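J.: coordinates only, sequence not included:
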């Protein structure tokens with residue numbers, strides 16, 4: 001039976017009251033799902049920092065997990081405006097997104113900087129969701145897999161295999177994020193096959209098979225069935241569709257349908 005992680009990245013959206021309404025809506029909508037339905041399916045939401053504490057309180061004793069959208073790679077110190085993994089863990093978060101293309105481009109975060117985040121998150125017992133992906137220019141110049149290799153080589157540098165097994169990898173082609181243009185089934189299949197092979201070659205089959213490979217990039221309730229049907233896809237990192245209860249729940253239901261295939 002296949003395993004899935006359905007992760008909603010709410011980005012810089014929602015006040016506390018709106019986040020509470022969205023959380024409650026998702027919880028109510030999946031309340032009729034059996035333990036068997038949700039077996040091997042993890043459901044995660046990643047609100048903005050200011051909404052995390054409230055979200056963890058609402059999620060308590062429900063199937064919903066809560067994660068952060070970012071962190072700073074230091075435990076404490078004079079880093080005004082930043083949030084450490086220790087702070088995220090103390091709130092009750094078990095996941096944290098790192099390496100998102102919006103952080104790489106807007107905040108100029110390097111692979112080396114992201115590598116520090118991954119290491120500290122692992123040391124804090126938080127699961128990193130490591131985002132990787134190529135730009136449109138890189139894809140058009142047939143450089144996709146060189147880019148992915150460079151990102152993985154650096155972001156996973158110095159991390160032992162048993163810790164790599166704890167990391168979630170999210171393939172998000174930059175040109176598909178927030179554009180409404182999802183990669184084709186063939187493009188996703190090729191990228192995820194390459195990723196699984198990379199992990200298998202570098203860390204062995206046993207480690208590779210433990211790792212969730214997510215697809216992100218304009219994933220919606222309209223294209224989720226064909227995406228989740230791809231062998232090496234273990235779920236999605238969802239942006240806009242995770243802000244609408246019906247759409248997010250439809251994506252969860254797609255995972256329930258496909259997990260036994």
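T.: Structure received. Every value quoted in this text rests on a predicted model; they were computed, and no experiment measured them.
J.: now the helices for the chain?
T.: For the chain, helices defined by DSSP state H occupy the ranges 16-30, 35-38, 52-59, 85-91, 101-106, 111-123, 136-140, 144-155, 161-164, 185-203, 205-208, 224-228, 245-258.
J.: mind checking those helices for the one nearest to residue 172?
T.: Smallest distance to residue 172 across the helices of the chain (Cβ to Cβ): 6.2 Å, for helix 101-106. The C-beta positions use only the backbone N, C-alpha and C, and glycine is treated the same way.
J.: contacts for the closest one, please.
T.: For helix 101-106, the external contacting residues (Cβ atoms under 8 Å, 6 or more residues apart in numbering) are 11, 70, 109-110, 114, 131, 133, 172, 174, 177.
J.: recalculate using a threshold of 7 Å.
T.: 70, 109, 131, 133, 172, 174, 177 (Cβ atoms under 7 Å, 6 or more residues apart in numbering).
J.: ok, now stretch 7-25?
T.: Contacts of stretch 7-25 (Cβ under 7 Å, 6+ apart): 44-48, 50-51, 54-55, 58-59, 64, 69, 97, 129, 214, 235-239, 242-243, 245, 248.
J.: from those residues, list just the buried residues.
T.: Neighbour-count burial (16 or more other Cβ atoms under 10 Å) applied to those gives 44-48, 51, 54-55, 58-59, 64, 69, 97, 129, 214, 235-239, 242-243, 245, 248.
J.: distance of residue 151 from residue 254?
T.: Between residue 151 and residue 254 the computed distance is 28 Å (Cβ to Cβ, to the nearest Å).
J.: and the residue lying farthest from the centre of the chain, how far is that from residue 72?
T.: Here the centre of the chain is the reference, and by Cα atoms, centre = their mean the most remote residue is residue 78, at 28.6 Å. According to Cβ to Cβ, residue 78 stands 11 Å off from residue 72.
J.: ok, now residue 97?
T.: In terms of Cβ to Cβ, residue 97 sits 13 Å off from residue 72.
J.: do residue 6 as well
T.: 27 Å.
J.: more crowded one of those two?
T.: residue 6 (28 against 18; other Cβ atoms under 10 Å).
J.: quick one: pLDDT of that one?
T.: In this model, residue 6 is scored at 98, pLDDT.
J.: the buried ones among the contacts of stretch 7-25 in strands, which ones?
T.: The strands, defined by DSSP state E, take in 44-46, 64, 97, 129, 214, 235-238 from the buried ones among the contacts of stretch 7-25.
J.: take the residues you listed and write them to TSV, including distance to residue 118.
T.: Formatted as TSV, those follow (distance: Cβ to Cβ, whole Å):
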residue	distance to residue 118
44	17
45	21
46	16
64	24
97	11
129	10
214	16
235	19
236	20
237	16
238	21
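J.: how about those, which pair is most distant?
T.: Across those (Cβ to Cβ), the longest gap, 17.0 Å, separates 64 and 214.
J.: residue contacts, residue 167?
T.: Taking Cβ under 7 Å, 6+ apart, one finds 118, 128, 130, 211 in contact with residue 167.
J.: and residue 99, how far is that from residue 68?
T.: Taken as Cβ to Cβ, the span from residue 99 to residue 68 is 13 Å.
J.: need the overlap of contacts for these two.
T.: Common contacts of residue 99 and residue 68, defined by Cβ under 7 Å, 6+ apart, are absent altogether.
J.: quick check: chain neighbours aside, which residue is closest to residue 38?
T.: Spatial nearest neighbour of residue 38, chain neighbours left out: residue 63 (5.6 Å); criterion: Cβ to Cβ, 6 or more residues apart in numbering.
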